[in-house]
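J.: Show me the folded form of this:
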Amino acid sequence: MKPMHALIGGTLLLAATLPALAEDNTTQLELTASSQREVANDQLDVTLYVQESQAQPAALADSLNRKTAAAMAVARSYGAVQASSGNYSTWPQYDKNNQIKGWQGRSEIHLRSGDFVQTAQLVARLQQSMLLGNVDFSVSEQARKRIEQQMLPEAIAQLQATAKVAAGALGKSHVSVRELSIGNNGNAPRPMMAMMAKRANIGPESVAAPDWQAGTSMLQLQVSGKLDLK
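T.: Down below sits the predicted model:
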């Protein structure tokens, strides 16, 4: 897995209200600070599907169900990959006279894993009978929470440092936080590198396993506070 990159300069946004001088000579400020980190993606989500046409809806449903069940059975043999059912739909096909001439359907399965190699091998195996719908790399919930716990002290420290600068500029010597809110802006994935085919020990009808490059995501944690300067 690609190592996590350290924060390159915390982003600071200063949204200070005009000095509101109360009778006790207190100035109120509203500040926002954020900390960012570029983190290696450690989770892979893949959607595969089967789509076909049949003259009768029952025959279509039977075929879709059998192929989807077979794919799920294969997926369950890969212990590091979580497999689940996806969208399932059927719809009529019409001729030029607006009469139903057949039926078409699509059935999906979703894969999720942190083991990219095993997932790629499974996807290659399933692509012998299914089509690849979507591939998405991201930071897992566990990793995101761990990184946010590391970024929180940094963001708060940035907030306090900016407040002290503002207090000094206004001739104040004491800073107190009245309110503090914490939020994140989610994952901003970096573009994934091009997928390459890696062929090894495959038969004439097998599919080469994709050599995926997971890339990174930019995580951001933001803190906003209302402070009193005295």
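
J.: Now do the contacts for Ser206.
T.: Ala124, Arg125, Gln128 (C-beta atoms under 8 Å, 6 or more residues apart in numbering). All C-beta atoms are positioned from the backbone trio N, CA, C, and that covers glycine.

J.: of those residues, buried ones?
T.: Among those, those buried by neighbour count (16 or more other C-beta atoms under 10 Å) are Ala124, Arg125.

J.: Show me the residue at the heart of the chain, geometrically.
T.: Against the mean C-alpha coordinate of the chain, by C-alpha atoms, centre = their mean, the closest residue is Ser138 at 4.0 Å.

J.: Tell me what it is bridged to.
T.: With DSSP bridges applied, Ser138 shows beta-bridge pairing to Gln43.

J.: and the longest helix seen in the chain, which residues are buried?
T.: The residue-count maximum for a helix in the chain (DSSP state H) belongs to helix 141-169. Buried residues in helix 141-169, counted by 16+ other C-beta under 10 Å: 143-144, 147-148, 151, 154-156, 158-160, 162-164, 166-167.

J.: on that earlier part again, any chance of the contacts of Ser206 in JSON lines, with secondary structure and distance to Ser53 too?
T.: Compiled in JSON lines, these are given as follows (DSSP: H, G, I helix; E, B strand; the rest coil; distance: C-beta to C-beta, whole Å):
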{"residue": "Ala124", "secondary structure": "helix", "distance to Ser53": "26"}
{"residue": "Arg125", "secondary structure": "helix", "distance to Ser53": "25"}
{"residue": "Gln128", "secondary structure": "coil", "distance to Ser53": "20"}
